[in-house]
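Enquirer: Show me the folded form of this:
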Amino acid sequence: MRKAFVITSFLLLAAFALQFVFAAVGAFTKPAGEGAYTLHSVTGMAVIPVLTLLTILFAALAKAPGRLVGLTVLPLGLVVLQALIAGLANGITDAAGVSTPFGLTIAGLHAVNGIVAVHVVVGVVRAARRLARPAPAEVAQVTVREGEPA
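Expert: Below you'll find the predicted structure:
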């Protein structure tokens with residue numbers, strides 16, 4: 001289970017990294033239409049939550065320490081916060097449906113929260129790798145006294 005924990009945490013990190021690529025694809029798609037952010041939305045609303053739940057499951061099955069399981073749960077909360085930030089930013093428009101400076105500021109928090117989530121997942125990956133390492137073998141102390149056969 002520890003190897004599965006490492007693998008899913010790496011997959012989760014890869015999905016988060018791809019999120020930044022998919023956001024850039026959406027931002028630079030010309031003309032920007034309804035589907036510009038489809039990859040970003042699907043990954044953020046389906047792939048990342050599923051990988052996060054699998055990572056939590058494997059952390060628990062690997063008998064990871066409680067603090068590590070808690071750290072593994074944190075990205076799920078950050079994903080929920082991402083959706084709330086995006087919804088709020090999209091909802092703060094003027095009467096014509098145009099973005100407002102306040103709405104754009106909130107949208108910027110979406111990117112900051114994404115960066116925080118990546119850093120948390122990097123911590124999960126590192127901790128999962130440490131947990132999966134075999135414990136060092138104990139070294140037996142041998143004392144040889146002068147005049148005694150070895």
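
Enquirer: contacts and neighbour counts: CA atoms only from here.
Expert: OK.

Enquirer: Would you tell me which helix is longest in the chain?
Expert: For the chain, the helix reaching the highest residue count under DSSP state H is reported as helix 101-132.

Enquirer: residue boundaries of the strands in the protein?
Expert: Using DSSP state E, no strands are found in the chain.

Enquirer: At the geometric centre of it, which residue do we find?
Expert: residue 121 (3.6 Å; CA atoms, centre = their mean).

Enquirer: Identify the residues contacting that one.
Expert: Residue 121 makes contacts with 9, 12, 13, 72, 75, as judged by CA atoms under 8 Å, 6 or more residues apart in numbering.

Enquirer: Please tell me how far it sits from residue 136.
Expert: The gap separating residue 121 from residue 136 is 26 Å, by CA to CA, to the nearest Å.

Enquirer: And residue 145, by the same measure?
Expert: The separation that residue 145 has from residue 136, given CA to CA, amounts to 28 Å.

Enquirer: next one: residue 108
Expert: 46 Å.

Enquirer: Please say which of the two ends up with more neighbours.
Expert: The neighbour count for residue 108 versus residue 136, taken as other CA atoms under 10 Å, is higher for residue 108 (15 against 6).

Enquirer: Need the per-residue pLDDT for the more buried one.
Expert: According to the prediction, residue 108 has pLDDT 94.
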